[in-house]
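Enquirer: quick one, what's the 3D model for this:
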Amino acid sequence: MPRRRTVRMDRNTTLIFLLLFFVLLYVLPLLERGLGGQPATATPAAPTETSPTAVAGAPVLKPIPLRVGYGVSDSWFELYFTDPLNPLSKEQEGGVDGPIVQAIDRAQVSVDAALYSLSLKSVRDALLRAHKRGVRVRLVMESENMDRAVPETLKEAGIPMIGDRRQGLMHNKFIVIDGQEVWTGSTNLTDSGVYSDNNNLIRIRSKEVAADYSKEFEEMFLEDKFGRDKVAATPFPKVVMPDGTRVEVYFSPDDGVAAAILPLLSSAKESIYFLAYSFTANDLGEAILERAKAGVQVHGVMEKDQVASNRGTEFDPFRQAGLDVRLDGNSGQMHHKVFIIDRAIVIFGSYNFSASAEEQNDENLLVIYNPQIAAEFLKEFERVYAVAQP
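Expert: Next up is the predicted model:
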């Protein structure tokens, strides 16, 4: 009898262990995940790098170390973002102007710059060094910003410079070096543009893209054509990079930029993220609202001071429609002009989403089809969104 009792106890123990194993292996994971595959206690959260804004499986780009800012590179581009919330930004050193200075210092033939504003002494000194060693340096600027200290110093050194001398803005922020590479984006080369404001900057190594920007520069510098006086003459409006990335180049007002942006917004299938300094373009706003009604995720951050001062801002219609669109939290300017579509297409440049940018100002804009670049812009969106006002 004792022997048979011992066997029965062993079997009971075995059954208990099997039951516990089944609970641990199958039941607890179901309870943790919930019936729908999401955590049972999950609540809507702000976009993070592990949320839908992250691009799963995208190759990692090579980081570019900066004391103040963020940078990554690949074979044909370098991409930078300012970091105005960094405590070191107050020192106004070590930012995204550093790589621009290095590129100018390596210039051998020419530096052509179309700059809305220029106050960075680091860039001033680099341009002076290039001029002194025989590099051809030429500038086009917004006339109202030419009488400041840095442009005056460059003019006194003999560097040729012209302004637009008209009501619309020469709002570009690009540099072409040696006919081989272009620097462009939303970044004004000013102390505030690099160290106080949220901005983006890209360096593209491409003779075709450089030819596009050189043509635009010479229309202004040599032909004295600005704004509506220019005609569409971009030699390579669509360029395919060595890795297969498609890049589209647009200039305003001659290329009809809004007509290029609208179909991309209207064809969004999953998500639209945007960062907007100024957003008063009704057609672009309506396209976003229509996609939101169709179930496309929309998240945005807009510059608070522009929302307060602009007439016809799209912020109110977005919020009234229940979209997740917020006011920025940077004491400087949230100066981006960016759309990120389906985590694969990025639209950015100097072009604000406004009638002035479309019809009057000299602007430039890029459309880049590349999930890696989209992922970096999504990281920047998350940084801006994290401090935005709900």
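Enquirer: please count neighbours and contacts with C-alpha atoms only from this point.
Expert: Will do.
Enquirer: now the helices for the protein?
Expert: Listed in chain order, the helices of the chain (DSSP state H) span 2-22, 28-33, 97-105, 121-132, 149-156, 191-195, 207-221, 257-266, 282-293, 304-309, 315-320, 355-359, 371-386.
Enquirer: out of those helices, deepest packed?
Expert: Among the helices of the chain, helix 191-195 has the highest mean neighbour count (mean count of other C-alpha atoms under 10 Å), at a mean of 24.
Enquirer: against residue 264, how distant is residue 271?
Expert: Residue 271 is 12 Å from residue 264, where distance means C-alpha to C-alpha, to the nearest Å.
Enquirer: overlap in contacts, the two.
Expert: residue 341 (C-alpha atoms under 8 Å, 6 or more residues apart in numbering).
Enquirer: dump the helices of the chain into JSON lines; add mean pLDDT and distance to residue 82 as well.
Expert: Converted to JSON lines, those look like this (pLDDT from 0 to 100; distance: least, C-alpha to C-alpha, whole Å):
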{"stretch": "helix 2-22", "mean pLDDT": "49", "distance to residue 82": "52"}
{"stretch": "helix 28-33", "mean pLDDT": "40", "distance to residue 82": "38"}
{"stretch": "helix 97-105", "mean pLDDT": "98", "distance to residue 82": "10"}
{"stretch": "helix 121-132", "mean pLDDT": "98", "distance to residue 82": "16"}
{"stretch": "helix 149-156", "mean pLDDT": "98", "distance to residue 82": "22"}
{"stretch": "helix 191-195", "mean pLDDT": "98", "distance to residue 82": "6"}
{"stretch": "helix 207-221", "mean pLDDT": "98", "distance to residue 82": "23"}
{"stretch": "helix 257-266", "mean pLDDT": "98", "distance to residue 82": "25"}
{"stretch": "helix 282-293", "mean pLDDT": "98", "distance to residue 82": "26"}
{"stretch": "helix 304-309", "mean pLDDT": "98", "distance to residue 82": "18"}
{"stretch": "helix 315-320", "mean pLDDT": "98", "distance to residue 82": "24"}
{"stretch": "helix 355-359", "mean pLDDT": "97", "distance to residue 82": "23"}
{"stretch": "helix 371-386", "mean pLDDT": "98", "distance to residue 82": "9"}
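Enquirer: got JSON lines for these, with distance to residue 142 too?
Expert: Below are the helices of the chain laid out as JSON lines (distance: least, C-alpha to C-alpha, whole Å):
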{"stretch": "helix 2-22", "distance to residue 142": "72"}
{"stretch": "helix 28-33", "distance to residue 142": "57"}
{"stretch": "helix 97-105", "distance to residue 142": "20"}
{"stretch": "helix 121-132", "distance to residue 142": "16"}
{"stretch": "helix 149-156", "distance to residue 142": "11"}
{"stretch": "helix 191-195", "distance to residue 142": "16"}
{"stretch": "helix 207-221", "distance to residue 142": "11"}
{"stretch": "helix 257-266", "distance to residue 142": "21"}
{"stretch": "helix 282-293", "distance to residue 142": "27"}
{"stretch": "helix 304-309", "distance to residue 142": "21"}
{"stretch": "helix 315-320", "distance to residue 142": "29"}
{"stretch": "helix 355-359", "distance to residue 142": "14"}
{"stretch": "helix 371-386", "distance to residue 142": "28"}
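Enquirer: out of these, nearest to residue 73?
Expert: Closest approach to residue 73 among those (C-alpha to C-alpha): helix 371-386, 9.7 Å.
Enquirer: give me the helices and strands touching that closest one, please.
Expert: In terms of contacts (3 or more C-alpha pairs under 8 Å, 6 or more residues apart in numbering; DSSP states H and E), helix 371-386 is packed against strand 271-276, strand 297-302, strand 337-341, strand 345-349.
Enquirer: and the angle for that helix with strand 297-302?
Expert: 60 degrees (axes from the mean of the first three to the mean of the last three C-alpha atoms, to 10 degrees).
Enquirer: can I get helix 371-386 in CSV, CA atoms only?
Expert: Extracted in CSV, the C-alpha atoms of helix 371-386 (Å, rounded to 0.1, in the frame of the first residue of the first chain):
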residue,chain,number,x,y,z
PRO,A,371,12.8,55.1,-46.3
GLN,A,372,16.2,55.7,-44.6
ILE,A,373,16.0,59.4,-45.0
ALA,A,374,12.3,59.3,-44.0
ALA,A,375,13.3,57.5,-40.8
GLU,A,376,15.7,60.3,-39.9
PHE,A,377,13.1,62.9,-40.5
LEU,A,378,10.7,60.9,-38.4
LYS,A,379,13.2,60.9,-35.6
GLU,A,380,13.3,64.7,-35.9
PHE,A,381,9.6,64.8,-35.8
GLU,A,382,9.6,62.9,-32.6
ARG,A,383,12.1,65.2,-31.0
VAL,A,384,9.9,68.2,-31.9
TYR,A,385,6.7,66.5,-31.0
ALA,A,386,8.0,65.5,-27.6
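Enquirer: pLDDT wise, what is the closest residue to residue 73 other than its chain neighbours at?
Expert: Distance criterion C-alpha to C-alpha, 6 or more residues apart in numbering; nearest residue to residue 73, sequence neighbours excluded, is residue 62 at 5.2 Å. At residue 62, the pLDDT value in this model is 98.
Enquirer: residues in contact with residue 62?
Expert: Going by C-alpha under 8 Å, 6+ apart, residue 62 touches 72-74.
Enquirer: one more: residue 110?
Expert: Listed by C-alpha under 8 Å, 6+ apart, the contact set of residue 110 reads 135-137, 176-179.
Enquirer: who's it bridged to?
Expert: Note on residue 110: beta-bridge partners residue 136, judged by DSSP bridges.
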